[in-house]
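A.B. asks: Sharing a model that was predicted from the sequence below.
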Amino acid sequence: MKRITLDTVSSTNSFLATQAAAEGGAMTVVTAEEQTAGRGQGTNTWESARGQNLLFSIMVHPRRVAAADIWVLSEAIAVSIAEVVARCIDAEGDECRGGAGATVTVKWPNDIYVGDAKIAGILIETRMSSQHVERAIIGCGVDVNQTEFSFSSPEPTSLALLTGRRWERQTVLEKILAAFRRRYESIEGTTASNSTDTSAATQRIHEEYMSLLYRREGCYGWEDKDGAFSARIADVTRQGQLILEDTSGRRRAYYFKEVSYERRQP
């Protein structure tokens, strides 16, 4: 794994897009103390106080991820971050300030939530070659030690706010990278236990993702271009399309920004 450490950068994703692949196509990770133009999904931006949180991007050059299966990379990083956040919170036991609402989930498509508050965001940018993924740059922002935010929607949180103490950011980063690398290598078929069949690994990661989905169980309020409705999450496809089943039994399919959550259950 090639590592690059920066002080200030416009965007870790933009920086990595200018970098050549590491020797042998190995994973490249860039971290920064500050981003001057951090980006989120679509036109969203990412706020992070200097030196308080984790701002990093991972560049990979998959050999065995077809264009049709690109969503598995998003699932892999989302469940890896969720896993580490949950472990950090669980380690604090009764001291965790999230209380009963401290369940860690993945809010479709790939934001990490604790209760109803956002703790991490992910932005993936890909380059395709023929029918396969040639390169993927996975940008991540994880709120670790920041305790004051200038925005309130979505409601932000951090490990420090949840646990009442500061965290060693490098330790949290190493845990996230290890969790993601384990899943990525299983997809690529380079682990000792999974040297050939990657379809089973892809399916396991998808099942992890589905089990962690925010508001996975029950009907909730949603809104699309035609108005508000109530529905349950039925599935997420291999291309990241959200499948909702409304109260009349009709299934509706959406890509990012085509549907939004209502804040509260109707």
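C.D. replies: Nice, I can see it.
A.B. asks: those strands in the stretch 51-200 of the chain, which residues are they?
C.D. replies: 54-60, 104-107, 111-114, 117-129, 132-142 (DSSP state E, counting those that start in this stretch).
A.B. asks: So which of the ones you listed has the densest surroundings on average?
C.D. replies: strand 54-60 (a mean of 25; mean count of other Cβ atoms under 10 Å). For the C-beta atoms, the positions are set from N, CA and C on the backbone; glycine is no exception.
A.B. asks: who does it pair up with?
C.D. replies: Partners of strand 54-60 in the sheet, by DSSP bridges, are strand 28-35 (antiparallel), strand 132-142 (antiparallel).
A.B. asks: on that earlier part again, could I get the strands of the stretch 51-200 of the chain in CSV, plus columns for distance to K257 and mean pLDDT?
C.D. replies: Output for the strands of the stretch 51-200 of the chain, formatted as CSV (distance: least, Cβ to Cβ, whole Å; pLDDT from 0 to 100):
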stretch, distance to K257, mean pLDDT
strand 54-60, 22, 97
strand 104-107, 14, 97
strand 111-114, 13, 97
strand 117-129, 13, 94
strand 132-142, 18, 94
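A.B. asks: which residues of the stretch 101-250 of the chain score low on pLDDT?
C.D. replies: 101, 153, 190-197 (pLDDT under 70).
A.B. asks: now the helices: where do they sit in it?
C.D. replies: Under the criterion DSSP state H, counting those that start in this stretch, the stretch 101-250 of the chain contains helices at 159-163, 169-188, 199-211.
A.B. asks: closest to I137 out of those helices?
C.D. replies: helix 169-188 (13.4 Å; Cβ to Cβ).
A.B. asks: okay, the angle between that closest one and helix 199-211?
C.D. replies: Following axes from the mean of the first three to the mean of the last three Cα atoms, to 10 degrees, one obtains 130 degrees for the angle between helix 169-188 and helix 199-211.
A.B. asks: Strand 117-129 and helix 169-188, what's the angle between them?
C.D. replies: Using the same axes, to 10 degrees: helix 169-188 against strand 117-129 is 40 degrees.
A.B. asks: same for helix 169-188, what does it pack against?
C.D. replies: strand 54-60, helix 71-91, strand 132-142, helix 199-211 (3 or more Cβ pairs under 8 Å, 6 or more residues apart in numbering; DSSP states H and E).
A.B. asks: Which of these sits closest to F256?
C.D. replies: Of all those, helix 71-91 sits nearest to F256, with 10.5 Å by Cβ to Cβ.
A.B. asks: Need the CA coordinates for the closest one. PDB is fine.
C.D. replies: Provided in PDB are the C-alpha atoms of helix 71-91 (Å, rounded to 0.1, in the frame of the first residue of the first chain):
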ATOM      1  CA  TRP A  71     -21.500  -0.800  -6.500                       C
ATOM      2  CA  VAL A  72     -19.700  -3.400  -4.500                       C
ATOM      3  CA  LEU A  73     -16.800  -1.000  -3.900                       C
ATOM      4  CA  SER A  74     -19.200   1.500  -2.400                       C
ATOM      5  CA  GLU A  75     -20.700  -1.200  -0.200                       C
ATOM      6  CA  ALA A  76     -17.300  -2.400   0.900                       C
ATOM      7  CA  ILE A  77     -16.000   1.000   2.100                       C
ATOM      8  CA  ALA A  78     -19.400   1.900   3.700                       C
ATOM      9  CA  VAL A  79     -19.600  -1.300   5.800                       C
ATOM     10  CA  SER A  80     -15.900  -1.000   6.700                       C
ATOM     11  CA  ILE A  81     -16.400   2.500   8.100                       C
ATOM     12  CA  ALA A  82     -19.600   1.500   9.900                       C
ATOM     13  CA  GLU A  83     -17.800  -1.500  11.400                       C
ATOM     14  CA  VAL A  84     -15.000   0.600  12.900                       C
ATOM     15  CA  VAL A  85     -17.300   3.400  14.100                       C
ATOM     16  CA  ALA A  86     -19.500   0.800  15.900                       C
ATOM     17  CA  ARG A  87     -16.400  -0.800  17.500                       C
ATOM     18  CA  CYS A  88     -15.200   2.600  18.800                       C
ATOM     19  CA  ILE A  89     -18.600   3.300  20.200                       C
ATOM     20  CA  ASP A  90     -19.000  -0.100  21.700                       C
ATOM     21  CA  ALA A  91     -15.600   0.200  23.400                       C
END
